[in-house]
Structure formats: C-alpha cells, structure tokens
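> my questions concern the predicted model and sequence given below.
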Amino acid sequence: MNRLGIDVGGTKIALRLEYADSATGEIRTREVVRRWSEPATLDTDLATLAEAVAAVADPVVPVASVGVAMPATLDRDGRVRGWPNRPFWQGLDLAEVLAELLPGAAVRTADDGDLAALAEADAAGCRDLVHIGVGTGIGGGVVLDGRISPGTARGSCEVGHLIVDRAGERCDCGRRGCVQSVASGRAVLRRASACRGRVVGFDELRTAWLESQPWAVKTVTESADAVATAAVGLCELMHPQLVTVGGGFAAGVSGYVDEVARRAKELSRPAGPEVRVVPALLGGASSLDGAVLLARAER
C-alpha cells in the first residue's frame, strides 16, 4: 500500500512516498523537494504541487492515503483560513486539490507543528510529549496517549501563541508577549540588533553567544526563558513524559536546549509535574516524518 507524506512550507514543498519493493516486499521511500516558483501565485503553487506529486507517485500502484503538514491555519473542514507567507491560499481546500491529483486516496491534513510533535514522540518512543520548535518562528504541538492533542478536527495546538509576557513585544498575531514574539529566531536577532545599534546576523550572534559576550547572552537567554516558561505551563496542564526542543535556531545555538532545561527546572514547583526538557531527535524533516505517520494512521 503506497502512502504519501507532504510537508508544505513557505519556500518549498517536500514529499515522501512509502511503497513496497515489488521484488522483496521491503518498504522503501522516494522523496522529492520543489521550491515554489516565481512569481508566487496560487496558480503557480498548484502547478508546482502537481508536478511534485507526479514526480514522486508510482505510475502503477496508486497512492492509498496522503498526510499533509500545513503551516497555515485551517478551519474544521480543512480549508485555509490564513497563511501570512502566502495569503492567496486563503479559502483553498487542499484536500480537494489532492483528491483530483490522486483519485481514490484518503487525504488528511494537520498543522505542521502538531505533526512534528507526533514524529518526535514516535522517534522517542514516548506516548505523552510536548514539542517546541524554535526557528524563524515558534511551532510545536502536544501528543497525549500517542495522539495529537487536541486533535486535527478541533484545530492545532498553537504553542507559539502562548502568552509568556503581557508587557512583551507585539506578535504578528496582534497580541503582546506571545512566545513567538519573544523567543523566535527573528525576535532574538531583532533584539540583538537593537542592542548593537546595527543589523546582527545569526552567525555573529552564535559566535558571540559561544564567547559569552553580554549582549548575546542577554538576548539568547531571554528566548530560552520564554520557551522554558511555556514548557512549564504546558507541563502543568498536560503532564507529558518529555518536552523536546528543536528547530533551526535551537539546533544552531550550542547549549540553547540546556539553557531552556535549566530555566525550566528553576520554574518548576517542588510538588508539581516533572519537567524533562531534552533536544529533539529529528532534524528539519520532522513535519514530513509526521505527515507520513498521518498517512499511515488508520481511521
């Protein structure tokens, strides 16, 4: 049975097909990555999607199920409610588009952060897990008893929009003090640039952090503290076995996850739930891994 995972991103789309080798029966994979074409329009995006599906799909054995990781906000029917990176996707029913490209396939969509959490839980062999992805923005999700919580039909778990500082910077959602507005790579570089009075790039920040330069320590630890605050709050509600912290920014700043773990320990109540913060096991493909798991899921 062929299954297809699709990770829809702001700059590219990645697909992974799982199929059985016709000679040995061994499960194999085939992957395709395509960058979105320019100029960016809905028509060009859908053309790129169709080309990528055609490139990865088996011409003989049809795809039975598709799991899709989406960075956009979806409504209960799976239509795109909003996506700042590609506003022209608003109202798009991606499941309907894929049903035309892959007739007969069961199509399931979920938030990319939720699916990254599902993949991290699977990789860790952990049925109750909170995942926080620290990259350009903040994503993540919650898995309870091996399932995405609150569940794909009830909306995504927007970890990045937990409020950790009501007096904090304004988030792109319009509120102040969301984890994303304080802890994301974009927010850290913005504060670092303000400290230095000029634009600071990631490489300079990372080097200064490793050298313990005060301005870099201040901006990075502010991020780690916000992520730790969110992690502890989620643990009070969910009582997970693990909190995994991943994403490009977290992975690129040596010692960042250790700093989150240290600050989470300081915030934890003596009689409260255990907060175990560890580095995420999967790299940048965690959402695609989760999409494949969604495609495998029995409904």
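Nice, I can see it. Values in this document were obtained by computation on a predicted structure and should not be read as measured data.
> helix or strand with the lowest mean pLDDT in the protein?
strand 73-74 (a mean of 81; mean pLDDT, DSSP states H and E).
> what's it packed up against?
Packed against strand 73-74 by the contact rule (3 or more CB pairs under 8 Å, 6 or more residues apart in numbering; DSSP states H and E) you find strand 80-82. In short, each C-beta sits where N, CA and C put it, glycine included.
> can you give the contact residues for the strand it packs on?
70, 72-75, 89-92, 94 (CB atoms under 8 Å, 6 or more residues apart in numbering).
> in CSV, list those residues along with distance to Gly135.
Shown next, in CSV, are those (distance: CB to CB, whole Å):
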residue, distance to Gly135
Met70, 16
Ala72, 16
Thr73, 18
Leu74, 20
Asp75, 25
Trp89, 20
Gln90, 23
Gly91, 27
Leu92, 24
Leu94, 22
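> ok, and the closest non-adjacent residue to the residue nearest the centre of the chain?
Among the residues of the chain, the one closest to the centroid is Gly113, at 3.2 Å (CA atoms, centre = their mean). Nearest non-adjacent residue to Gly113, counting by CB to CB, 6 or more residues apart in numbering: Gly139, 3.4 Å away.
> and if you look at Gly246?
Nearest residue to Gly246, sequence neighbours excluded (CB to CB, 6+ apart): Ala280, at 2.7 Å.
> okay, now the one you found: neighbour count?
26 (other CB atoms under 10 Å).
> flag the shaky bits of the stretch 151-299 of the chain, pLDDT-wise.
151-156, 298-299 (pLDDT under 70).
> now do 50
Counting by pLDDT under 50, the stretch 151-299 of the chain has low-confidence residues at 153.
> can you show me the helices along it?
179-183, 185-196, 202-210, 214-238, 248-252, 256-267, 286-296 (DSSP state H, counting those that start in this stretch).
> break this structure down into its structural domains.
Per automatic domain parsing, the structural domains of the chain span 2-114+285-296, 125-279.
> span of the longest one from start to end?
Translated: domain 125-279. Terminal residues of domain 125-279 are spaced 14 Å apart (CA to CA, to the nearest Å).
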